[in-house]
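> this one's sequence-less:
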């Protein structure tokens, strides 16, 4: 689980791909991860991350970089100051809940439950363990 914030006044390109300054608030974010907003809506995919001319494949809490987000349009999918979450598939969430919950850092744990609340607004049974699991 991971969460980023779009740093205000650091929008470099609106679309194709959207490029903006971000800070990782929780967890680790990697190239290729799908992002969603606080309403659970699809935003885009992390196309690349760069810091001082160096391309990065992963970033962890507290780091600030420029991020290219494929499929996203600033002002339509997100705005300056918005928090975006890594969209975790339900099967992966259940695996994390069952196998790795005790290995998460405090910020990852909090983000996982913020993410769960967002998903359950759309589907109250999202992430619940069924009879045969």
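The structure has been received and is ready for your questions. Not measured: the values here are computed from a predicted model.
> quick one: the helices in this structure?
Along the chain, counting by DSSP state H, helices occupy 90-95, 106-122.
> which one of the ones you listed is the most hemmed in?
The highest average neighbour count among the helices of the chain, using mean count of other Cβ atoms under 10 Å, belongs to helix 106-122 at a mean of 16. In this view, the C-beta of every residue, glycine as well, is placed from N, C-alpha and C.
> which strands and helices sit next to it?
Here helix 106-122 touches strand 3-13, strand 18-26, strand 83-86, helix 90-95, going by 3 or more Cβ pairs under 8 Å, 6 or more residues apart in numbering; DSSP states H and E.
> Next, the angle strand 18-26 makes with that helix.
Inter-element angle recorded for helix 106-122 and strand 18-26: 110 degrees (by axes from the mean of the first three to the mean of the last three Cα atoms, to 10 degrees).
> Measure how helix 106-122 sits relative to strand 3-13, angle-wise.
80 degrees.
> who touches helix 106-122?
1-3, 25-27, 36, 38-40, 61, 85-86, 88, 90, 93, 96-97, 101, 104, 126-127 (Cβ atoms under 8 Å, 6 or more residues apart in numbering).
> which ones are touching the closest residue to residue 8 other than its chain neighbours?
Here the nearest residue to residue 8 in space, its sequence neighbours aside, is residue 80; by Cβ to Cβ, 6 or more residues apart in numbering that works out to 4.2 Å. Contact partners of residue 80, counting by Cβ under 8 Å, 6+ apart, are 6-11, 20, 74.
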